[in-house]
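> Could you work out the structure for the sequence below:
(chains A and B)
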Number of protein chains: 2
Amino acid sequence: MYDGIVQDLIDEFGRLPGIGPKSAQRITFHILQTPNFDVSHLATLLADIRERVKFCEVCGNVSEQERCAICRDPRRNQTLICVVEDAKDVAAIERTREFRGLYHVLGGAISPIAGIGPDDLRITQLMQRLADGTVQEVILATNPNLEGEATATYLSRLLHTLEITVSRLASGLPVGGDLEYADEVTLGRAFEGRRTL
Amino acid sequence: MYDGIVQDLIDEFGRLPGIGPKSAQRITFHILQTPNFDVSHLATLLADIRERVKFCEVCGNVSEQERCAICRDPRRNQTLICVVEDAKDVAAIERTREFRGLYHVLGGAISPIAGIGPDDLRITQLMQRLADGTVQEVILATNPNLEGEATATYLSRLLHTLEITVSRLASGLPVGGDLEYADEVTLGRAFEGRRTL
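Residues are numbered from 1 along each chain as shown, chains lettered A, B, ... in the order given. The predicted structure follows:
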């Protein structure tokens, strides 16, 4: 609908997840019509990001160095590893400030439908990290959905061959949520995991 | 929450309209983790867009040349000008394939609250285009809201000093809409603008 580069940029934005054609148009015109929007900064970041961002050779988290900031930090509890599906989950857990151990990013979850098996995940690397006996507990923090549960079950069986405590994040009612609106599976889990007060 | 450039890119995407922090994170990780996403193409487009895109010196539409494709096209009806607020409106009208005349982009609408008066819009340029008597009709296609109506009223008074037909887009029920759910102003307009069959 537009001439050349304007349409090209709209199309390119439209390829990003969660951006439809209308949003892509709005963003493109915002860039064109907002003089103090630093478009060259965004362009430079995009040109550099693939080259500058590596994945931590230890845990698989995003990092600009061979090892990520968390793996390099000697103050983190080296006896505790939290296993997550994705680097975004590391950021989510870090925001809680509840966990001071290390992470291991699997790079997905077991999903027969999507054709993802255990061999497609960073499970061998996890087993190597556990080999020297430093780690005493592995917390399985995969998503509380079908794929995440399957992955947690698979890993827990594998890890029970080692002398390591294996735990799973609690499932239950979200804080601030309303019992009335909870789905039955979540409510069932909340009963199962009830604590004596 | 992330190291260096990853957080920088998330922040930069978060500055675009309609993209919150979660979407910005999702987009950034999509770019990082999708090997066949051509990030360098997006980077190049962004680096070039401001330089390559001009605004048509005649109508104010976006263009890579001094004059836009519509103003350059001799097959367009040169006696008809459709006045719109924004270049995005040109694209919306072009999509209907109903209009074969020329456009004039005002660059906004009169809004005392936002401090935008007639002098901030491309009204002088419109009057210059009408001076030679070629144009016989001006269609006011500003938005059917407070600012758009004020702008249309202002322009219609100004244009009635010339020997030119001035018209306004019809307001009424949206096609495919439901009478029951129409707001009263729209429904009132639909009555006012009723056609004899």
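> Residue A:42 against residue B:46, yeah?
Yes. With contact defined as C-beta atoms under 8 Å, residue A:42 reaches residue B:46; the gap is 5.6 Å. The C-beta positions use only the backbone N, C-alpha and C, and glycine is treated the same way.
> So for the longest strand belonging to chain A, what gets flagged as buried?
Secondary structure of chain A per DSSP state E: the longest strand is strand A:77-84. For strand A:77-84, a neighbour-count test (16 or more other C-beta atoms under 10 Å in any protein chain shown) marks A:80, A:81, A:82, A:83, A:84 as buried.
> what do you get for stretch A:162-182?
Within stretch A:162-182, the residues that count as buried by 16+ other C-beta under 10 Å are A:166, A:168, A:169, A:172, A:182.
> just to revisit the earlier point, which among the buried residues of strand A:77-84 gets closest to residue B:8?
Lowest distance from residue B:8 to the buried residues of strand A:77-84 (C-beta to C-beta) belongs to residue A:84, with 22.9 Å.
> who are the neighbours in contact with the closest one?
Taking C-beta atoms under 8 Å, 6 or more residues apart in numbering or on different chains, we find residue A:84 in contact with A:90, A:93, A:103, A:104, A:105, A:106, A:141, A:142.
> Strands - which of the buried residues of stretch A:162-182 land there?
Using DSSP E, the buried residues of stretch A:162-182 in strands are A:166, A:168.
> among the buried residues of stretch A:162-182, which two are most distant?
Distances among the buried residues of stretch A:162-182 were taken as C-beta to C-beta; the most separated pair is A:166 and A:182, at 27.1 Å.
> picking that back up, who does the longest strand of chain A pair up with?
Strand A:77-84 has the following sheet partners, assigned by DSSP bridges: strand A:101-105 (parallel), strand A:137-140 (parallel).
> ranges for the helices of chain A?
Ranges of helices within chain A are A:4-14, A:21-33, A:39-52, A:69-72, A:87-96, A:123-130, A:146-159, A:184-192, based on DSSP state H.
> How about the lowest-mean-pLDDT helix or strand in chain A, which residues are buried there?
When each helix and strand of chain A is scored by mean pLDDT, DSSP states H and E, helix A:184-192 comes last, with a mean of 79. By 16+ other C-beta under 10 Å, the buried positions in helix A:184-192 come out as A:186, A:189, A:190.
> okay, the residues you listed in TSV with distance to chain B next?
Listed next are those as TSV, based on distance: C-beta to the nearest C-beta, whole Å:
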residue	distance to chain B
A:186	21
A:189	25
A:190	26
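> Would you mind giving the domain segments of chain A?
A:4-52, A:75-166 (automatic domain parsing).
> so where's chain A uncertain?
Along chain A, segments meeting pLDDT under 70 span A:1, A:196-197.
> related to what we said a few turns ago, just want the angle from the longest strand of chain A to helix A:146-159.
140 degrees (axes from the mean of the first three to the mean of the last three C-alpha atoms, to 10 degrees).
> Export only the CA atoms of strand A:77-84, formatted as CSV.
Extracted C-alpha coordinates of strand A:77-84, given in CSV (Å, rounded to 0.1, in the frame of the first residue of the first chain):
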residue,chain,number,x,y,z
ASN,A,77,24.9,-20.7,46.1
GLN,A,78,26.9,-23.3,44.1
THR,A,79,25.1,-26.3,45.6
LEU,A,80,21.7,-25.3,44.2
ILE,A,81,20.6,-25.5,40.5
CYS,A,82,17.2,-24.3,39.2
VAL,A,83,16.3,-26.0,35.9
VAL,A,84,14.2,-23.8,33.6
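> what about the nearest residue in space to residue A:168 that is not next to it in sequence, neighbour count?
Using C-beta to C-beta, 6 or more residues apart in numbering or on different chains and skipping residues adjacent in sequence, the residue nearest residue A:168 is residue A:140, 4.8 Å away. Applying other C-beta atoms under 10 Å in any protein chain shown, we find 22 residues neighbouring residue A:140.
> List the beta-bridge partners for residue A:140.
Counting by DSSP bridges, residue A:140 forms beta bridges with residue A:83, residue A:168.
> picking that back up, would you list the domains of chain A in CSV and tack on distance to residue B:20?
Shown next, in CSV, are these (distance: least, C-beta to C-beta, whole Å):
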stretch, distance to residue B:20
domain A:4-52, 10
domain A:75-166, 14
